[in-house]
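Chemist: missing the sequence, but the structure's below:
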């Protein structure tokens, strides 16, 4: 049975050497050139001492250099740990410790954050000037092997490293192509970060399809529109906030017909946004996916945007989907936990056999998200897992913020929930009950959070309350927290 | 590790129920309708007694009914043995015996050929009127399982059943899509027979891609042109003879730009044909493949038609290719045996462990074909295996015809080779040395062959000669037979 393929970039450099692999600003690289760069990077990494199987953390903004380092690490057979640049130094260091990463490659600006770490730190610039050492390159990619790790939180609030294999990335790319089609002139605009699966999956598709990627260091609505209007990109991945900004920035202009897919993740799109896109002829494909499914697993074709408003669509061809309640498959419209199966589902969690066993049962992945399926098989997501808050495309886990608040000596109980926000979709609000006889102010608690949490996770507001809503089993009812907001502030 | 997918047609009926799966004449069926038909066919096959794992032979012309029977058999988990309708009754019966097939489904016109068989025969029409019996349907296709069997000859001249798995068909379809791209409006014109891998692979792609197939019962240049001119097909599989006829029939007309791929198998195309196609703007993709690679494994993109004239191209993305000589990889331009590797390479030969072991070594398939690879990696096929003759897209193995001739009491030695033919590309010529004191005429030998061989395999000419060319080891030198043709007939 076949469970490997030729090394993707290497095969592309052989089959379609002259095609453009990466555009960035005014620069570009063909697959042949990108391959040469990856070989040289692999040589420098080898000089550093990186070996097959080593975990190497990357803390970088989107760039061609980052693309080369990812491929260079894969050429050696190293495992790439991709880190969110918005995390605090302590959050980042925790991942380094937890993963057992052996090296830390960072953009210059994060050198100081990384220096407190116990592992060797090298900036991307320093790496580029190292001598090259000969090293055997991976001629084939084994589908069982872990290619990348991304940390994500869960119900416990403790981030876990998701093990994404070469097989996961391969099948994700194939499932996407079977759904969206594949044109030789395709170019995917990558304005979402490569440290998220939404961005990384674009790089994987690029080398598997032989497709160009247009790299944006960070999202800029005006620049993104210019790229699309200049017919330089045919597909783009976005979250609602990004699309909203692009639409308002676009004014009365419309995209050329060569632009064929706006892949929208991070929860269902608001109807006015879908209407604006329809009026402008922008084909919006809403998707549902997560780090553990190596990108989209359920997608809604544009023709169903309105007849199936609020739906995430149907599974990709190689995947399966069901909703489970009380240990049985739910009936149509009956809500329950969303359970998915497919070759794009991650192998498990790094160093977390128990969490892996709990999430992966008989080949099915229990997402923790709630939803229902209609009689035609369209999925509707009701609640993201563990009251997940999605803010500007970033996942925020209430439990993680609650854990920080609870670590403050004055806090006895804490509850966090997402509140609707025009710009970000949702933002976190916190509610705390103080210990008897202790006093602290919301601004002091906010400062406490700011020191320990990435900026986007810091609660927008903190309320001090007498009691948190709990059910009979004393389980926190996060969804009822919103009623504790004083009337005049609602 | 993932080695299965949801049942292809079933998943298509769920994901894209309204898309057209099959066009035939003025009729058509959506994926939902084709699924319903396959379920009903599965019920009738179950009534007949067909069970999971049974081998069931099909002897039919291309038709929607044949498509439904193939899918119906796969729904039950039966293995489909596809038979060439041009074979003689004795050749067909030999396959039935050799394979251990349990049923034989035939078009009405072959009822008599099949009736001499020891296995139950049912015509497609009879099958359609059987009652339906409930039967568990395969919800998933396991990549390890054999989906189809096709007989092909080899160096020995004894046909062998090639075991094509679901995994072979899946990967072949994916490899093709990664090379040719994939459009939602694609429709593949199937004028090549489904009992050949060139035709069957179209059906497999159809249910994997969600793509329409336009079924032609038999090739007709005028009708094929009408379908393409009517923008009803975007891709077509042909061999040179078919393309030649279409081009001359087309006259001064040209195909619409929606027609995006003429996939040309069965050996390199003559330059004048390529020039005619270029002048008409027809994108010709020349390919190299065989029953054992579940369709194309090497393809030449149209832009290289002339700069790499005579080349079969580069491997598909998941596949690898090399030329071996004296047990080592040949240098660029150095000829040797063509050896291929990839997930589309068949599992082996039915009931032929020795032949399987000989052909498949360390994951590499030894094609028996000779060729070389240039410095850029383009493959040039020098000789098809065992002096294979390709006549109008049909494979003819000299050894098979020689064996028939040798079974005639008057024949002591026999040699067969291919001779160039304007219409068919090649046709077989035979040369025989008679036993001392026995006499037979070429017309008598031709008649003898006609009774035992499919029409296309019957030698165009038979010459009686004094001696056959052999090397020191007495091995027949088939390529030198051509010099035995009398000067005035050359």
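Modeler: Received it, and whenever you're ready, just let me know what you need. Only a predicted model underlies this, so the values are computations on that prediction, with no experimental measurement involved.
Chemist: got the end-to-end distance for stretch A:260-274?
Modeler: Distance between the boundary residues of stretch A:260-274 (CA to CA, to the nearest Å) amounts to 15 Å.
Chemist: does it come close to chain B?
Modeler: No - using CB under 8 Å from any CB of the partner chain, stretch A:260-274 stays clear of chain B, with a minimum separation of 10.0 Å. C-beta coordinates here come from the backbone N, C-alpha and C atoms, glycine included.
Chemist: contacts for that stretch?
Modeler: A:180, A:183, A:198, A:234-240, A:243-244, A:247, A:277, A:282-289, A:296, A:299, A:305-306, A:309-312, A:381, A:384, A:390, A:393, A:425 (CB atoms under 8 Å, 6 or more residues apart in numbering or on different chains).
Chemist: give me the domain ranges for chain A.
Modeler: If you go by automatic domain parsing, the domain ranges for chain A are A:4-382, A:388-489.
Chemist: pick the most buried one from those.
Modeler: domain A:4-382 (a mean of 20; mean count of other CB atoms under 10 Å in any protein chain shown).
Chemist: ends of that one, how far apart?
Modeler: Using CA to CA, the two ends of domain A:4-382 sit 37 Å apart.
Chemist: over to stretch A:160-170?
Modeler: Length of stretch A:160-170, first residue to last, CA to CA: 22 Å.
Chemist: run the chain-centre distance for it.
Modeler: In this view, stretch A:160-170 has its centroid 12 Å away from the chain centroid, taken as CA atoms, centre = their mean, to the nearest Å.
Chemist: averaged pLDDT, it. What do you get?
Modeler: Mean pLDDT, stretch A:160-170: 97.
Chemist: where's the residue lying closest to residue A:204 once chain neighbours are set aside relative to residue A:364, distance?
Modeler: Nearest non-adjacent residue to residue A:204, counting by CB to CB, 6 or more residues apart in numbering or on different chains: residue A:169, 4.2 Å away. Between residue A:169 and residue A:364 the computed distance is 20 Å (CB to CB, to the nearest Å).
Chemist: for the residue most central in space within chain A, give me the pLDDT.
Modeler: Nearest to the mean C-alpha position of chain A, by CA atoms, centre = their mean, lies residue A:196 at 3.2 Å. Residue A:196 is assigned a predicted lDDT (pLDDT) of 94.
Chemist: so where is chain A shaky, pLDDT-wise?
Modeler: A:1-2, A:153-157, A:268, A:383-386, A:471-475, A:490 (pLDDT under 70).
Chemist: where does it come near chain B, residue by residue?
Modeler: Counting by CB under 8 Å from any CB, the residues of chain A near chain B are A:1-3, A:5-6, A:11, A:14-15, A:143-144, A:167, A:171, A:174, A:177-178, A:181-184, A:208-210, A:314-315, A:317-318, A:320, A:342-343, A:377.
Chemist: for the host helix or strand of residue A:285, packing partners?
Modeler: Assigned by DSSP states H and E, residue A:285 belongs to strand A:284-290. If contacts are counted by 3 or more CB pairs under 8 Å, 6 or more residues apart in numbering or on different chains; DSSP states H and E, strand A:284-290 sits against strand A:261-265, strand A:295-300, strand A:311-315.
Chemist: contact partners of it?
Modeler: A:152, A:180, A:197, A:243, A:261-265, A:268-269, A:274, A:277, A:295-302, A:305, A:311-313, A:367, A:379, A:381.
Chemist: so how far is stretch A:37-52 from its chain's centroid?
Modeler: 26 Å.
Chemist: quick one: residues contacting the nearest residue to residue A:103 once chain neighbours are set aside.
Modeler: Once flanking residues are discounted, residue A:103 sits nearest to residue A:56: 4.7 Å by CB to CB, 6+ apart. Going by CB under 8 Å, 6+ apart, residue A:56 touches A:45, A:50, A:73, A:78-81, A:101-105.
Chemist: SS state for the residue of the stretch 301-450 of chain A found nearest chain B?
Modeler: Closest approach between the stretch 301-450 of chain A and chain B, counting by CB to the nearest CB: residue A:343, at 3.3 Å. For residue A:343, the assignment made with DSSP: H, G, I helix; E, B strand; the rest coil gives coil.
Chemist: state the distance from it to residue A:192.
Modeler: The spacing between residue A:343 and residue A:192, counted by CB to CB, is 23 Å.
Chemist: for residue A:488, same thing?
Modeler: Distance, residue A:488 to residue A:192, by CB to CB: 38 Å.
Chemist: wasn't residue A:413 part of a helix?
Modeler: No - applying three-state DSSP, one finds residue A:413 to be strand, outside a helix.
Chemist: that'll do, ta.
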